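1. The following comprises the amino acid sequence and a computationally predicted model.
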Amino acid sequence: MDTDLTLTLFRFFVNYTECDKSLAVGVAAEFMKNRDVDVVIGPPCPQCQWSEVYNAIRLICAVSAAEIVAHLSTFYKKTMLGWGFLTDSMYDNLGQFPYTTKVVPNSLA
C-alpha cells in the first residue's frame, strides 16, 4: 500500500550539546515535553569519555547523556534514535527502553 506524503510536514530542531549531560537532558526534556516532538535523534555520547582530571588524561565512566535521554524517552513515550557510539547492549532491553532504538549494532553482536 502506497502512502501519500505530499501534505506531510517535517520540522527539524537541532541543538548541539557537546555531550554535556546537563545540556543534553535539558534539551531532550524541552523537545519531548514542550515542543512535543515525535523523535529525538541522539545524543551520540558514549558512556565512557576521556577527561582531564588533575592535569592527567583519564577515562571517566559514568551514566551517559544517552542513557538519561533514553530514560526520558520512556517517561514521555517518545522515540529516541541513538546513533554514534551507542553500542552498549543495555539499549536493547525493551523492558527498560521500549522507545529507544539504535543504528549501530550492540556490543554483543
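-> Received the coordinates, thanks. Keep in mind the model is a prediction, meaning the values are calculated, not measured.

2. The closest residue to residue 78 other than its chain neighbours: neighbour count?
-> Nearest residue to residue 78, sequence neighbours excluded (CB to CB, 6 or more residues apart in numbering): residue 32, at 4.7 Å. Backbone N, C-alpha and C define where each C-beta goes, glycine included. Counted with other CB atoms under 10 Å, the neighbours of residue 32 add up to 22.

3. Contacts only, for residue 32.
-> Residue 32 makes contacts with 40, 72, 73, 76, 78, as judged by CB atoms under 8 Å, 6 or more residues apart in numbering.

4. Can you redo the residues you listed as a markdown table, where the extra columns are neighbour count, secondary structure and pLDDT?
-> Converted to a markdown table, these look like this (neighbours: other CB atoms under 10 Å; DSSP: H, G, I helix; E, B strand; the rest coil; pLDDT from 0 to 100):
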| residue | neighbour count | secondary structure | pLDDT |
| --- | --- | --- | --- |
| 40 | 24 | strand | 91 |
| 72 | 20 | helix | 94 |
| 73 | 23 | helix | 94 |
| 76 | 17 | helix | 96 |
| 78 | 20 | coil | 96 |
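
5. can you map out the strands along this structure?
-> For the chain, the strands defined by DSSP state E cover 39-41, 48-53, 56-61, 79-82, 100-102.

6. Who are the packing partners of the last one?
-> What it means is strand 100-102. With contacts defined as 3 or more CB pairs under 8 Å, 6 or more residues apart in numbering; DSSP states H and E, the packing partners of strand 100-102 are helix 65-76, strand 79-82.

7. Also the first one?
-> In terms of contacts (3+ CB pairs under 8 Å, 6+ apart), strand 39-41 is packed against strand 79-82.

8. which regions of the protein sit below the pLDDT cut-off?
-> Applying pLDDT under 70 to the chain flags the ranges 1, 46-62, 85, 105-109.

9. what about 90?
-> 1-25, 41-69, 82-93, 101-109 (pLDDT under 90).

10. And the residue nearest to residue 82 when sequence neighbours are not counted, how far from residue 83?
-> Using CB to CB, 6+ apart and skipping the chain neighbours, the partner closest in space to residue 82 is residue 102 (4.4 Å). Distance, residue 102 to residue 83, using CB to CB, to the nearest Å: 7 Å.
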